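K.L.:
Next one to model:
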Amino acid sequence: MTNKRISRSLIVMVFGTFFGILCSTLMNTGLPQLMTAFHISEAQVQWVTNGYMLVNALMIPVSAYLIKRFLFRNLYILATLIFLAGTLLGALCHAFILVIVARMIQAVGAGMMMPLVNVLAIRYAEPAKKGTIMGIIGLAFNFSPIIGPTVSGVILDYLSWRYLFIIIIPFILITLVASLIILPKIPHNESPHFDSRGFVLVSVGLWCILMGLSNISTASFLSWQVGGLLLIGVGFSLIFVKSQLGHADPLINLHVFNHGQFVTATLVNMLIVATMYGNTILLPLLIQTIQHRSALVSGLVILPGALLTGTLSRLSGRLYDRISVKRLVAIGLSIDCAGTLLQALIGTSSSPVILAIFQAVRQLGLVTMLIPLQTHALGLLPYEIVPDGVATFNTIRQVAASFGTAIIIAVVALVNRTFPGNGHIGIEAGFLVCLLLLVGAVIAARRLQSQFKRSI
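P.N.:
Presented below is the predicted three-dimensional model:
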């Protein structure tokens, strides 16, 4: 970084954001325990994760406005306080609806944190070290959601689901104190208008789509609960897009899509992330509900791949500075497809050791390409629209995670209902959906350019 205080600020923000993103998958291993504790179905319990990710996504474009309007320091401190409030509520609540509310409050805070980290890095990183800096950020953005199920598996083997909230509290308090001491008051000179109409449109649209996808396993596609909600969601989303194109201060600056490489990298990343988050639910369901092993075993299966991700995140950032993104993504997708195919064909009847190996193979592929894709997408944008690019990229990332998970779980439930048995076939179908999404990413990645120049 060009300034030591900015460097220290980035460390503090990455530390806090790590735990914000960790919570996106921390509850995954605990879903079976929540179902037992509150006597709820699989369709209901998935809102603990899907609701979190969608609220998180909706907060990201709001952050683009907030970044232009308020000081970095004040925004990050506010985000930390909101996240802390949600975590405290989750630790104390005794009703399932309050668990969902607590998760959504957490998501508001975490959704504000993520864009602040990216914008600070992109704006102030030296050009020659941009890939390396983004590699460090990858520890928060890519390692934390993968390690989440492992952490929760260890906790749940000894303690109740409530401690999935309690364990986060001291780290957020540390982040809050450090933010008050270290974060600088970076000036701003903008007074943008907040597009409240656009926010309502996109919120209704995305919520209806997610609810429709979540209901696929329990209702007919032509029913109001599925087809009707999907139709309403798509309609509101199209109205939102049209409103943004003619708005002087849009919620999401759709002009970022005028940059072809941003579109391509974002699309590839979206497909990959959908499989990554879906996988963190498939494995706990397989290990705990079908193989009847403990939450600890479920967490340990994911651990080797998580450690691999953490170890290689910085390396993948450095590789981006030396190797073309097209080659890195091609290598990563090949490895990821191989690991996913092994999971689908062999994994559902395998031992935890074999499952761990297959998952590690997948993570090796993922870590090779996620950070280069993010750096490639954002690094070519004109500086003045970098905050908009960050907001759009991360919004699509979280929406893809939410929708992808809903689709994968719906397919699992549908297949299990069609072919009743011990549930292996449904999990296999879930892994095959992941593989199909990755094949789509392979096709899209062909449009990545090996070299690019930042727009002026």
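
K.L.:
What count of nearby residues applies to Ala110?
P.N.:
29 (other CB atoms under 10 Å). The C-beta positions use only the backbone N, C-alpha and C, and glycine is treated the same way.

K.L.:
and it, how far is that from Gln374?
P.N.:
17 Å (CB to CB, to the nearest Å).

K.L.:
now do His424
P.N.:
35 Å.

K.L.:
Of those two, give the one with the bigger neighbour count.
P.N.:
Gln374 (26 against 17).

K.L.:
Could you pull up phi and psi at the more buried one?
P.N.:
When quoted as degrees, to the nearest 10, the phi and psi of Gln374 stand at phi -60, psi -40.

K.L.:
Then Ala248?
P.N.:
phi -70, psi -40.

K.L.:
so where's the stretch 251-400 of the chain shaky on pLDDT?
P.N.:
313-314, 317, 347 (pLDDT under 70).

K.L.:
Next, the buried residues of stretch 77-90.
P.N.:
77, 79-80, 82-90 (16 or more other CB atoms under 10 Å).

K.L.:
quick one, what contacts the residue nearest to Gly423 when sequence neighbours are not counted?
P.N.:
Residue nearest to Gly423 in three dimensions, not counting chain neighbours: Ile290, with 4.6 Å by CB to CB, 6 or more residues apart in numbering. By CB atoms under 8 Å, 6 or more residues apart in numbering, the contact set of Ile290 is 348, 422-424, 427.

K.L.:
which residues of the stretch 251-400 of the chain fall in helices?
P.N.:
Applying DSSP state H, counting those that start in this stretch to the stretch 251-400 of the chain gives helices spanning 260-284, 295-320, 325-345, 352-379, 386-418.

K.L.:
separation between the residue positioned nearest the centre of the chain and Leu81?
P.N.:
Most central in the chain under CA atoms, centre = their mean is Gln398, positioned 4.5 Å from the mean C-alpha point. Separation of Gln398 from Leu81 (CB to CB) stands at 21 Å.

K.L.:
same question, Val202
P.N.:
25 Å.

K.L.:
Off-centre distance for stretch 15-33?
P.N.:
How far stretch 15-33 lies from its chain's middle: 11 Å, per CA atoms, centre = their mean, to the nearest Å.

K.L.:
Now the element after the helix or strand hosting Phe165, going C-ward?
P.N.:
Here Phe165 is covered by helix 163-166, with elements defined by DSSP states H and E. As assigned by DSSP H and E, the chain's next helix or strand after helix 163-166 is helix 169-182.

K.L.:
and that following helix, what does it pack onto?
P.N.:
helix 4-26, helix 72-92 (3 or more CB pairs under 8 Å, 6 or more residues apart in numbering; DSSP states H and E).

K.L.:
Dump the ones you listed into CSV; add distance to Ala306 and mean pLDDT as well.
P.N.:
Formatted as CSV, those follow (distance: least, CB to CB, whole Å; pLDDT from 0 to 100):
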stretch, distance to Ala306, mean pLDDT
helix 4-26, 10, 83
helix 72-92, 22, 92
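
K.L.:
among the ones you listed, which is nearest Leu231?
P.N.:
Smallest distance to Leu231 across these (CB to CB): 28.4 Å, for helix 4-26.

K.L.:
for that closest one, which positions count as buried?
P.N.:
Buried, per 16+ other CB under 10 Å, within helix 4-26: 6, 8-10, 12-26.

K.L.:
And for stretch 428-446?
P.N.:
Applying 16+ other CB under 10 Å to stretch 428-446 flags 428-435, 437-438, 440-442, 444-445 as buried.

K.L.:
ok, residues contacting stretch 161-168?
P.N.:
Here stretch 161-168 has contacts from 19, 22-23, 26-27, 30, 33-34, 37, 87-88, 90-91, 102, 151-152, 155-156, using CB under 8 Å, 6+ apart.

K.L.:
one step back: just name the closest of the buried residues of stretch 428-446 to Val55, please.
P.N.:
Using CB to CB, the shortest approach to Val55 within the buried residues of stretch 428-446 belongs to Leu437, at 23.0 Å.

K.L.:
between the helices and strands packed on helix 169-182, which one is nearest to Leu328?
P.N.:
Of all those, helix 4-26 comes closest under CB to CB, at 22.2 Å.

K.L.:
for that closest one, the distance to its chain's centre please.
P.N.:
On the basis of CA atoms, centre = their mean, helix 4-26 sits 15 Å off its chain's mean C-alpha point.

K.L.:
same thing with stretch 334-342?
P.N.:
Mean C-alpha position of stretch 334-342 versus that of the full chain (CA atoms, centre = their mean) differs by 20 Å.

K.L.:
And for that stretch, what's in contact with it?
P.N.:
With CB under 8 Å, 6+ apart, stretch 334-342 has contacts from 272, 275, 358-366, 368, 431, 434-435, 438-439, 442.

K.L.:
Nearest to Asp388 among the buried residues of stretch 428-446?
P.N.:
The shortest gap between Asp388 and any of the buried residues of stretch 428-446 belongs to Ala444, at 21.8 Å (CB to CB).

K.L.:
Quickly note the distance from that closest one to Phe38.
P.N.:
Distance from Ala444 to Phe38, by CB to CB: 40 Å.

K.L.:
does the residue nearest to the centre of the chain really touch Gly51, like I thought?
P.N.:
No: shown here, Gln398 and Gly51 do not form a contact pair, counting by CB atoms under 8 Å, at 11.6 Å.

K.L.:
Quickly list the domain ranges of this protein.
P.N.:
As assigned by automatic domain parsing, the chain contains the domains 4-186+251-445, 195-250.

K.L.:
winner for burial among those?
P.N.:
Sort these by mean neighbour count, taking mean count of other CB atoms under 10 Å, and domain 4-186+251-445 sits at the top with a mean of 21.
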